[in-house]
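1. Below is the structure, and that's it, no one-letter string:
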DNA sequence: CAAAACTACGTAGTTAACTACATATATTCA
DNA sequence: TGAATATATGTAGTTAACTACGTAGTTTTG
């Protein structure tokens, strides 16, 4: 991967994705090693329901920052393995209200110590001179002010 | 996306991916706005061939850090739009040697000023208190020493 | 109060990476 | 030197996100 590393910031999207993939793969291994039957991709939905208890499909999608079709397919999986259940909202028949099952809540209790280990390991790994998590937050903040595209446009005009 | 941002480091894989996606989408817009017919996903291959001129399929895959099947499908696309061409290696008949076409080289010359703008925009965006690119390099370095999984295992045992 | 606009959810198809497996050629070693 | 192993490429199928589009309720408005 020499060329990509040497090409510097131009290949930053590729490197971000590579890092994300590696974290996720190790996540699978860590859950497995701790006897927990859970996939990292489920985390955003499950964690959101852990904190908010009852939400509609679109509300979950917004919380986790995915599109609603992606969210629906995650919800289908989670319903299949009985970690969540859903019912129609009587006040608004368009809505489907989602919540954790008892099994889902038990699983969360089981995962809490694993999450603690993960937090410790991730913190150890990312507490370097330039903190990765903070760097992400800072860049997200910058993008809110002005997107990469807008910045490029401005540089093209003034350069 | 409140919950994900608030859950801190546990959702770091999700946030890395989201950032990567946003960069790539803006990349598409920037190429388009500059009248260049090029997709960001082609960058690793094209840039590698720009620097190394003739390489086999597996050599390219290693340089860009993808699996060889992924690389083959990228190469197919690039051959279709005539940015690269390939021929059998006479010294080793298993190998296919890949290189840029004249069209590919011209396109690179056309893209160079766009890349400069991108570098400037990305640098502006990511030069914050904690530098994202450096943070990525530092974490990659840490992972080489000991993977996330190994760290989690060690923490579980000693904790 | 009916038409228009909006919101919530769902399905179908696409994309860009992956793993697993198959085949052909090259190299090594008993 | 031929059998075993390794390497290079290719194909098929999977995955986890996406966009585009359709339908059914809800809200707004002329």
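-> Cool, the structure landed. Nothing here was measured: the structure is a model prediction, and the numbers come from that model. Numbers count the residues shown, from 1 in each chain, chains lettered A, B, ... in the order given.
2. where exactly do the helices run in chain A?
-> With DSSP state H, the ranges of helices along chain A come out as A:2-6, A:12-33, A:43-52, A:57-64, A:68-80, A:102-126, A:132-145, A:148-158.
3. can you pull the buried residues of the longest one?
-> The one in question is helix A:102-126. A:104, A:107-108, A:111, A:114-115, A:117-118, A:120-122, A:124-126 (16 or more other CB atoms under 10 Å in any protein chain shown). Where you see a C-beta, it was placed from the backbone N, CA and C, and this is true even at glycine.
4. Check the second one too.
-> Along helix A:12-33, these residues count as buried under the neighbour rule (16+ other CB under 10 Å): A:12-20, A:22-24, A:26-27, A:30-31.
5. Show me what it is packed up against.
-> Helices and strands touching helix A:12-33, as assessed by 3 or more CB pairs under 8 Å, 6 or more residues apart in numbering or on different chains; DSSP states H and E, comprise helix A:2-6, helix A:102-126, helix B:12-33, helix B:132-145, helix B:148-158.
6. Out of the buried residues of helix A:12-33, flag the one nearest to DNA strand D.
-> DNA strand D has its nearest neighbour among the buried residues of helix A:12-33 in residue A:24, at 8.0 Å by CB to the nearest atom of the strand.
7. Now do the contacts for that closest one.
-> A:40-41, B:13 (CB atoms under 8 Å, 6 or more residues apart in numbering or on different chains).
8. So which of those reach DNA strand D?
-> Near DNA strand D, judged by CB under 7 Å from any atom of the strand, the entries from these are residue A:41.
9. right, and residue A:138 touches residue B:131 too?
-> No. The pair formed by residue A:138 and residue B:131 falls short of the contact definition of CB atoms under 8 Å, at 9.1 Å.
10. The helices and strands packed on helix A:12-33: which one's closest to residue B:64?
-> Shortest distance between residue B:64 and those, using CB to CB, is found for helix A:2-6: 5.6 Å.
11. quick one: low-confidence ranges for chain A?
-> Where chain A drops to pLDDT under 70, the residues are A:1-2, A:159.
12. Would you mind naming what in it lies close to DNA strand C?
-> Of all the residues in chain A, those in contact range of DNA strand C (CB under 7 Å from any atom of the strand) are A:14, A:21, A:56-59, A:68-69, A:72, A:75, A:89, A:92, A:94-97.
13. and with 10 Å instead?
-> By the criterion of CB under 10 Å from any atom of the strand, the positions of chain A lying close to DNA strand C are A:13-14, A:17-18, A:21, A:25, A:55-62, A:67-73, A:75-76, A:79, A:86, A:88-89, A:92-98.
14. Of all residues in chain A, which one is nearest the centre?
-> Centre of chain A computed as the mean C-alpha position; nearest residue by CA atoms, centre = their mean is residue A:44, 4.9 Å away.
15. Let me see the contact set for residue A:87.
-> With contacts defined as CB under 8 Å, 6+ apart, the neighbours of residue A:87 are A:96-97.
16. Not counting its neighbours along the chain, what's nearest the residue of chain A found nearest DNA strand D?
-> When scored by CB to the nearest atom of the strand, chain A has residue A:70 as its residue closest to DNA strand D, at 3.0 Å. Counting by CB to CB, 6 or more residues apart in numbering or on different chains, residue A:70 lies nearest to residue A:61, which is 7.5 Å off, once chain neighbours are set aside.
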